[in-house]
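Q: below is the structure, and that's it, no one-letter string:
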């Protein structure tokens, strides 16, 4: 089992920044990819960004390219999401996810990000 704990959400004005953190514990050696999804009210959960531990490849959804930066500390089993130039459309619950070598996904409890106009 893998446990994920997120932190860093909150309320910010449009144009502001937030940094999310996600710390993994448990069977972390099985993880090969970590990422951030978000779910806005009335919408489905979408993958925003991810990083592969092997090779360091990253993924960004088009709407966050150039504004969000994902990074990770493999030694600490922690992934970060630096979010800049936030807009009200970024308001959502952000979930950390980890994928194991068996393609099993683990989820954090979610952290609320609210961007006011």
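A: Nice, I can see it. As the structure is a prediction and not an experimental result, all values here were calculated from the model.
Q: quick test: name the residue nearest the centre of this structure.
A: Central residue of the chain (CA atoms, centre = their mean): residue 36, 2.4 Å from the mean position.
Q: these two touch, right, residue 108 and residue 9?
A: No. The criterion here is CB atoms under 8 Å, and residue 108 misses it with residue 9 at 10.9 Å. (Each C-beta comes from the backbone N, C-alpha and C, glycine too.)
Q: next secondary structure after whichever strand or helix holds the residue nearest to the centre of the chain?
A: Assigned by DSSP states H and E, residue 36 belongs to strand 31-39. As assigned by DSSP H and E, the chain's next helix or strand after strand 31-39 is strand 45-52.
Q: and that following strand with strand 31-39, angle?
A: 150 degrees (axes from the mean of the first three to the mean of the last three CA atoms, to 10 degrees).
Q: going forward, begin numbering at 13 instead of 1
A: All set: I'll call the first residue 13, so the last point we hit is now strand 57-64.
Q: and the residue nearest to the centre of the chain, what does it touch?
A: 32, 34, 59-62, 82, 91, 93, 106-109 (CB atoms under 8 Å, 6 or more residues apart in numbering).
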